[in-house]
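Peer 1: sequence? don't have it. structure:
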């Protein structure tokens, strides 16, 4: 079965493929192959101006031996996001923070984040055509600046492992991933492999907590109680390495408050600049479905990547 990928060591999983046109996927498939029926409007978005404005096609092979090069985010994906030299006048500004949303569904949170944070660049990864088409339509309807947001249709684990540059992202968002049952826990995308990939891609803030540079953060959200516990367990192990710390998202989140030793007003975070990235306040299709099915609480988690103290070059 293609879903049952061979087990591999962590070093093998993290190793960029050496040759070949097609994906070598030594990890378990974390999404359903088919989801939903694509509508006429979504087809038009995929074939028309919305894709030309917001879509980004990644070349996944080099045409011969050897892997394709990693992306240069501000040369390949967001070439117009940073001002450059105009003749003798230097107009180059500091590159904006880049946020990756993994599995953006129908694009509700991606569109909302783009609207609320025009100073950031957003890259959305989704594997299902209906979702990509829906997101393109919403971005176009909201008139989001296409210089600051791009959508790719591919496995986010592959994107992170082989194409996203090292030390290039400030935020990674995983909202309402496919929960899977406990019997298929190996297919949940929030796992140690994802954490390892995110660590390589994270751009650690320079200068400590008082630095104006944004912190590197992983944002997680689910309406599935078991998946919420699974997320906490995975990230508890990650925090035990000393490379991650948990941020209090909700002052009523007793588990996170105990972990950080704070609570009450100290744990309060606004959607406009606190720990939470905008987009979580949007009620998505999956959240509505969870509430309708009797979900008592949405699990919101946020973790800051503090690194291991060793300098890392962006490559």
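Peer 2: On my side now, so go ahead. This structure is a prediction, so every number in the text was calculated from the model and none was measured. Numbers count the residues shown, from 1 in each chain.

Peer 1: C-alpha only now, for contacts and for neighbours.
Peer 2: Noted.

Peer 1: Check which residues of whichever strand or helix holds residue 133 are buried.
Peer 2: According to DSSP states H and E, residue 133 maps onto helix 129-141. By 16 or more other Cα atoms under 10 Å, the buried positions in helix 129-141 come out as 129-140.

Peer 1: From residue 216, how far off is residue 128?
Peer 2: As judged by Cα to Cα, to the nearest Å, residue 128 and residue 216 stand 27 Å apart.

Peer 1: typed the wrong thing, it's residue 37
Peer 2: 36 Å.

Peer 1: okay, those two: which has more neighbours?
Peer 2: Neighbours were counted for residue 37 and for residue 216 using other Cα atoms under 10 Å; residue 216 has more, 26 against 11.

Peer 1: what sits against the more buried one?
Peer 2: Contacts for residue 216 (Cα atoms under 8 Å, 6 or more residues apart in numbering) come out as 169-171, 202-205, 304-306.

Peer 1: Provide the secondary structure category for the nearest residue to residue 130 once chain neighbours are set aside.
Peer 2: Leaving aside its chain neighbours, residue 130 sits nearest to residue 38 (4.7 Å; criterion: Cα to Cα, 6 or more residues apart in numbering). What DSSP: H, G, I helix; E, B strand; the rest coil gives for residue 38 is coil.

Peer 1: Go through the buried residues of helix 129-141 and say which is closest to residue 98.
Peer 2: residue 139 (17.2 Å; Cα to Cα).

Peer 1: ok, the closest one touching residue 113?
Peer 2: No - if you go by Cα atoms under 8 Å, residue 139 and residue 113 don't touch, sitting 10.7 Å apart.

Peer 1: Follow the chain on from the helix holding residue 133 and name the next helix or strand.
Peer 2: In N-to-C order, the element after helix 129-141 by DSSP H and E is strand 149-153.

Peer 1: ok and that following strand relative to helix 129-141, angle-wise?
Peer 2: 170 degrees (axes from the mean of the first three to the mean of the last three Cα atoms, to 10 degrees).

Peer 1: other SSEs contacting strand 149-153?
Peer 2: Identification of packing neighbours for strand 149-153 by 3 or more Cα pairs under 8 Å, 6 or more residues apart in numbering; DSSP states H and E yields helix 49-54, strand 121-126, helix 129-141.

Peer 1: Now with 7 Å, please.
Peer 2: When contacts are defined as 3 or more Cα pairs under 7 Å, 6 or more residues apart in numbering; DSSP states H and E, strand 149-153 packs onto helix 49-54, strand 121-126.

Peer 1: List the contacts of that strand.
Peer 2: 54-57, 121-127 (Cα atoms under 7 Å, 6 or more residues apart in numbering).

Peer 1: Can you tell me which of those residues comes closest to residue 157?
Peer 2: Checking those against residue 157 by Cα to Cα gives residue 125 as the nearest, at 9.7 Å.

Peer 1: Pretty sure the closest one sits against residue 101.
Peer 2: Yes - shown here, residue 125 and residue 101 form a contact pair, counting by Cα atoms under 7 Å, at 6.3 Å.
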